[in-house]
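# need a structure here:
(chains A and B)
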Number of protein chains: 2
Amino acid sequence: MNSHFHNSEIKEHPIAYLSGLCNAGPNKMTDNLIHHENLRVFSQQVIMKLGAFEEDAYCVADNLVKSNLRGIDSHGVGRLKRYVEGIRTGYILPKASPIIERDSPVMANINAMNGLGQPAGVFGMNVAIEKAQHSGVGMVTVFDSNHYGFAGYYAMMALERDLIGISMTNSEPLVVPTFSKNAMIGTNPIAFAAPTKNERPWVMDLATSVVPSGKLEVYDRLGKEIPEGWATNESGRSTNSPAEVLVNLYKGLGKGGICPLGGEGELHGGHKGYGLGTMVEILCGVMSGANILRDVTFVKDGKPNHPKVGHFFMAFDPSFFTDIDSFKNRMDEMISRLKNAEKAEGQSRIFIHGEKEFEEHERREQNGIPIDEKTVESLIGFSKEFSIDLEFIE
Amino acid sequence: MNSHFHNSEIKEHPIAYLSGLCNAGPNKMTDNLIHHENLRVFSQQVIMKLGAFEEDAYCVADNLVKSNLRGIDSHGVGRLKRYVEGIRTGYILPKASPIIERDSPVMANINAMNGLGQPAGVFGMNVAIEKAQHSGVGMVTVFDSNHYGFAGYYAMMALERDLIGISMTNSEPLVVPTFSKNAMIGTNPIAFAAPTKNERPWVMDLATSVVPSGKLEVYDRLGKEIPEGWATNESGRSTNSPAEVLVNLYKGLGKGGICPLGGEGELHGGHKGYGLGTMVEILCGVMSGANILRDVTFVKDGKPNHPKVGHFFMAFDPSFFTDIDSFKNRMDEMISRLKNAEKAEGQSRIFIHGEKEFEEHERREQNGIPIDEKTVESLIGFSKEFSIDLEFIE
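All right, here's what the predicted structure looks like:
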């Protein structure tokens, strides 16, 4: 049985529509479950109501829902309101179409024209895949784009063609370079997907920071201290208070921030995370012509600002080096050896990258996607505002 | 004034030639300084005495000495004895020449024929550079190779041509995947070099582990405990004893090991370092046809074994996406913004990747390379054995 929320029913569900950037992370889960296909159609319709073309809105909705399916709720439909805000504020142009500015058999540079990040990303990755199918390698940069959702989505597009896929993006500055006082670079993710034979594909999708900002929010809500080495306060030194970090980062102060992978200073390799984040900044920002560092912002001098985010995509054909069967068999062999290695004391399982997410995908595809309270409120808000049915699993 | 060590003088210098793998790290520095050019010629001659061709021996020597010049003594001439051992044991074939097995305008797979890693690396990177100059991108894998020295060496080769360079290699298993009990993957480095205009080139060269094994050795010698999260013991859990880790790793037990970047478990992102290390394993090992995981070993069933290491090289032309001046100016701009950002409390400088190493290079090129006691002993041993002059700066 399904229950529907229509305009008339909304009164029963008090809406506290919380704007701002502080709500990326998973919130308290309710019993609200939505079927992934319904959630996708709903999200797509919301974006279309704001002026986007059907297939562009599909790209956005599919990315959000796939993220939820994989259990990465920080990049799921909870983000829909950010895109709505972005379109309304004017920094996202919903009708923009990406343009190939430079092109060769192996490379392309694409102008996203300040449009939605997801259609620009899908377009860019498809160009990379096409080049890889013809030339062996495709390398594509995208500039003047917006938040493109979860990075792994694009890397995984390569899998259907038996290609290896890479996807990176720069993003608003939340991460503090080693020995810096303030956030200068984004959580700048790196995603890498490789095909396999019988095992699940190997899919790595990581922010180059110790933790995503959503994790700080979870600790904040639970009233828990964050561990040493996750984030710094306005002095640029480690703090245990998640609230301090979130206020500093999101209230326009830009002070302190999240530590790069490896933590504060150099003792545990924080300079390596800072290096990887900067590498992403070079490939996505410097090389493409997009904004870099603190210029990647939605608000400048108190006014809305095109963040002009940049992405980097690669696809390449592993069958070139040996042959595809040999590659896939060897992937399976590697995965099987890692899985079956002896476990550390107290541990029962060694995970393969992407495995947790594929399992969650299967569960949620079957049982529905659980939606947290705050997101339910925002979805009901959209349902009311745009007169779009929102269907829960009862 | 220079002092020479000849055979006749060796008696004054008792040699305790320490074999084994436990001596990668910087040891106690003495006042022994050697001019980099003399050290290069000396190292080259040693390798030639063991049967290598002049230019192959040059590749090895130049890589070792450049590493010393950059202050990365763990990959400097202290490693010469490992290569000597490798040739003598038979797992490195000093006269082997790399063969291109598969070739296309953008890709190549190269068989290193179990030869020295450095000449195979230089050959592979040159092939990648040539392809990048013609096609925009060059991607090259090398299989059946040996330890190729420091990864950044190859990435930096791209800089002379205004290309971006990438270099990775798999290596003997020292790193423990998240929740595993034992070392399964190498410290699998990633090096990335990008050209600049007036600033020094941006050069990142990082092991995907928290620390290199050399650092554990330094702590061991100093009788210091290592911090939580650097390495695990035979139970697969964090330990403070560097000796415990080193004995486990190097005495053929293969138990415990170094933590991936991000540390033990998932709290600080250890699964991300494990992911990056595995990505390197896929690109260098799985894709090229080289050995993977614990097969990368010099000793198998008590017998010498070809480790059959694999490398991955890329060069690509950033001028394709915008133009080279714009790219280099934007690199300078990024670097300058990072450098000039506000410093964390108690810090006076934000470092740019490669900067420390370029500064050390300039100092050591001027003043000579300081050589630690253990390495002095081994060099004097070679001087005596092969009748090659070893010249110190007095």
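
# contacts, neighbours, all on C-alpha from now
OK.

# Show me which helix runs longest in chain A.
Ranked by number of residues, the top helix in chain A under DSSP state H is helix A:117-135.

# quick check: mean pLDDT across that one?
In this model, helix A:117-135 has an average pLDDT of 98.

# Quick check: next helix or strand after it?
strand A:137-145 (DSSP states H and E).

# Who does that next one pair with, and is each partner parallel or antiparallel?
strand A:107-111 (parallel), strand A:309-316 (antiparallel) (DSSP bridges).

# now the angle from the longest one to helix A:117-135?
Yep, that's strand A:309-316 we're talking about. Angle, strand A:309-316 to helix A:117-135, by axes from the mean of the first three to the mean of the last three C-alpha atoms, to 10 degrees: 30 degrees.

# contacting residues for residue A:334?
By C-alpha atoms under 8 Å, 6 or more residues apart in numbering or on different chains, residue A:334 lies in contact with B:286, B:292-293.

# picking up where we left off before, single out the most deeply packed of the strands paired with strand A:137-145.
Neighbour counts (mean count of other C-alpha atoms under 10 Å in any protein chain shown) averaged over each of the strands paired with strand A:137-145 peak at strand A:309-316, with a mean of 32.

# Next, format the strands paired with strand A:137-145 as CSV and append distance to residue A:255.
Output for the strands paired with strand A:137-145, formatted as CSV (distance: least, C-alpha to C-alpha, whole Å):
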stretch, distance to residue A:255
strand A:107-111, 31
strand A:309-316, 21
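
# Dump those strands into JSON lines; add distance to residue A:348 and mean pLDDT as well.
Formatted as JSON lines, those follow (distance: least, C-alpha to C-alpha, whole Å; pLDDT from 0 to 100):
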{"stretch": "strand A:107-111", "distance to residue A:348": "44", "mean pLDDT": "98"}
{"stretch": "strand A:309-316", "distance to residue A:348": "35", "mean pLDDT": "98"}
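
# if we can go back for a sec, near chain B at all, the longest helix of chain A?
Yes: under the criterion of C-alpha under 8 Å from any C-alpha of the partner chain, chain B is reached by helix A:117-135 at residue A:135.

# Grab the nearest non-local neighbour of the residue in the stretch 251-394 of chain A positioned nearest to chain B.
Nearest to chain B, among the residues of the stretch 251-394 of chain A, is residue A:344, at 3.9 Å (C-alpha to the nearest C-alpha). Nearest residue to residue A:344, sequence neighbours excluded (C-alpha to C-alpha, 6 or more residues apart in numbering or on different chains): residue B:181, at 3.9 Å.

# Please report the distance of that neighbour from residue A:339.
12 Å (C-alpha to C-alpha, to the nearest Å).

# Show me which of those two is the more surrounded one.
Between residue B:181 and residue A:339, counted using other C-alpha atoms under 10 Å in any protein chain shown, the more crowded position is residue B:181 (25 against 16).

# if we can go back for a sec, reformat the contacts of residue A:334 as TSV; add pLDDT, distance to chain A and secondary structure.
Formatted as TSV, the contacts of residue A:334 follow (pLDDT from 0 to 100; distance: C-alpha to the nearest C-alpha, whole Å; DSSP: H, G, I helix; E, B strand; the rest coil):
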residue	pLDDT	distance to chain A	secondary structure
B:286	98	6	helix
B:292	98	7	coil
B:293	97	8	helix
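
# And for residue A:366, the neighbour number?
Neighbours of residue A:366 using other C-alpha under 10 Å come to 12.

# Quick check: which ranges of chain A have low pLDDT?
Within chain A, the stretches with pLDDT under 70 are A:1-30, A:252-253.

# can you pull out the helices in it?
A:36-49, A:54-69, A:80-89, A:117-135, A:152-157, A:213-222, A:242-250, A:270-281, A:324-339, A:355-367, A:373-386.

# Next, format the ones you listed as TSV and append distance to residue A:103.
TSV is the format used below for the helices of chain A (distance: least, C-alpha to C-alpha, whole Å):
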stretch	distance to residue A:103
helix A:36-49	30
helix A:54-69	23
helix A:80-89	29
helix A:117-135	10
helix A:152-157	20
helix A:213-222	36
helix A:242-250	38
helix A:270-281	21
helix A:324-339	28
helix A:355-367	35
helix A:373-386	40
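
# out of those, nearest to residue B:208?
helix A:270-281 (8.3 Å; C-alpha to C-alpha).

# other SSEs contacting the closest one?
When contacts are defined as 3 or more C-alpha pairs under 8 Å, 6 or more residues apart in numbering or on different chains; DSSP states H and E, helix A:270-281 sits against strand A:164-169.

# Most proximal residue of the stretch 51-200 of chain A with respect to chain B?
For the stretch 51-200 of chain A, C-alpha to the nearest C-alpha, closest residue to chain B: residue A:181, 3.9 Å.

# just checking, that residue touches residue B:345?
Yes: using C-alpha atoms under 8 Å, residue A:181 is in contact with residue B:345, at 7.2 Å.

# picking up where we left off before, can you select the buried ones among the contacts of residue A:334 for me in PyMOL?
Buried members of those, defined by 16 or more other C-alpha atoms under 10 Å in any protein chain shown, are picked up in PyMOL with:
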select buried, chain B and resi 286+292+293
